[in-house]
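[1] Curious how this folds, go ahead:
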Amino acid sequence: MPEQKRIFDPKQLDNLRSLHDHEECLRKESLAMLAADSAHAEMLFLVTNAMGILFGFIHDTKARSDDELTIQYLGIRLFNAAAASIKLALSGYPQLALAQIRDVVEVAFLLDYFLTSPGEINVWRAADKKDRKGKFSPVRIRMALDERDGNKEKKRDKVYATLSEYATHATYAGFALTSKDGLGHVGPFVDERKLRVWTQEMALRLVPAACSFGLHFPDAPQEVRSLFDGFISQAKDWRMRGKE
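    This is a model prediction of the structure:
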């Protein structure tokens, strides 16, 4: 017998459609929660501005070398990770949203490392898997940054480890991020405390990442540099008020 042709009609995917509709409702609810809190509304505003800075140095700045092009590719990854995290957080997936922030952190540390070791960009780009893991693994980059800064508290390690433990790796502790009112919850849900944790964590990680990224392009178009200077001022003001 001839093989019967299988036809899959996307119009019949009612479960996916209803899930998407529910996610969109949760997105509106999440945005309303953040808008009602001036501190967290400001953090989300800074996050969107940081993404604008990334876009400007990627889309509106012509790379002058392979090294600058490499940095722009890292910026693309940073932008996409941030965008994915925002979508997941607002749509009710706090654990996965925070997992994307770990990616933001990893790329941000690499960008910071390349600021003071620009000669390593080409080495990183040309490295094979063995060399890359040996010299540029996340832990080695963190160690190099701590040594550069004289940081003995290993704050970078603590941030990376916490995000790994609760958001990225499958751990019992991480179940707290997929639970609502103390019970495991299947699918998306809004939890105001988790949403606020995500907003603060996102601002703390993406804002300095965008600052490091922009510093790689001192000869970018003036309009991009002007936006960047304004963003730097916003970021400094926010951080100073946070220390009061």
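[2] buried set for the lengthiest helix in the chain?
    Counting residues, the longest helix found in the chain (DSSP state H) is helix 66-90. Residues of helix 66-90 classed as buried by neighbour count (16 or more other CB atoms under 10 Å): 67-68, 70-72, 74-75, 78-79, 81-82, 84-86, 88-90. The way it works is simple: take the backbone N, C-alpha and C, and place the C-beta from them, glycine included.
[3] Show me the shaky parts of the chain.
    1-4, 243-244 (pLDDT under 70).
[4] which residues of it fall in helices?
    Going by DSSP H, the chain shows helices at 14-35, 38-59, 66-90, 94-116, 120-126, 129-136, 138-149, 155-163, 192-214, 222-242.
[5] quick one, which of those is nearest to residue 175?
    In terms of CB to CB, the element of the helices of the chain nearest to residue 175 is helix 94-116, at 8.8 Å.
[6] so what secondary structure elements neighbour the closest one?
    Packing partners of helix 94-116 (3 or more CB pairs under 8 Å, 6 or more residues apart in numbering; DSSP states H and E): helix 66-90, helix 120-126, helix 138-149, helix 155-163, helix 192-214.
[7] Would you mind measuring from residue 216 to residue 150?
    Computed as CB to CB, to the nearest Å, the residue 216 to residue 150 distance reads 23 Å.
[8] ok, how many other residues are close to the closest residue in space to residue 176 that isn't next to it in sequence?
    Leaving aside its sequence neighbours, residue 176 sits nearest to residue 166 (CB to CB, 6 or more residues apart in numbering; 7.1 Å). Counted with other CB atoms under 10 Å, residues neighbouring residue 166 total 20.
[9] Hmm, residue 178 and residue 166 touching each other?
    No - taking contacts as CB atoms under 8 Å, residue 166 lies outside contact range of residue 178: 10.5 Å.
[10] Of all the helices and strands packed on helix 94-116, which one is nearest residue 49?
    Judging these by CB to CB, what sits closest to residue 49 is helix 192-214, at 8.1 Å.
[11] Any buried residues in that closest one, and which?
    Of all the residues in helix 192-214, those buried under the rule 16+ other CB under 10 Å are 194-199, 201-214.
[12] Phi, psi for residue 186 please.
    The phi and psi values for residue 186, taken as degrees, to the nearest 10, are phi -80, psi 130.
[13] And it, how close does it get to residue 19?
    11 Å.
[14] These two - which one has more neighbours?
    residue 19 (14 against 6).
[15] How much space separates that one from residue 117?
    45 Å.
[16] Now list whatever residues contact both of residue 166 and residue 178.
    residue 95 (CB atoms under 8 Å, 6 or more residues apart in numbering).
[17] about what we covered before: would you reformat the helices of the chain as a markdown table and include distance to residue 182?
    Formatted as a markdown table, these follow (distance: least, CB to CB, whole Å):
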| stretch | distance to residue 182 |
| --- | --- |
| helix 14-35 | 20 |
| helix 38-59 | 24 |
| helix 66-90 | 21 |
| helix 94-116 | 15 |
| helix 120-126 | 45 |
| helix 129-136 | 40 |
| helix 138-149 | 33 |
| helix 155-163 | 21 |
| helix 192-214 | 12 |
| helix 222-242 | 31 |
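[18] quick one: which of these is nearest residue 173?
    Closest among these, once you apply CB to CB, is helix 155-163, at 9.9 Å.
[19] who are the neighbours of that closest one, in terms of helices and strands?
    Helix 155-163 sits against helix 94-116, helix 138-149, with contacts defined as 3+ CB pairs under 8 Å, 6+ apart.
[20] Return the distance of the shortest one from the chain's centre.
    Put simply, helix 138-149 sits 20 Å off its chain's centre (CA atoms, centre = their mean, to the nearest Å).
[21] buried stuff in it?
    Residues of helix 138-149 classed as buried: 138, 141, 142, 144, 145, 146 (neighbour count, 16+ other CB under 10 Å).
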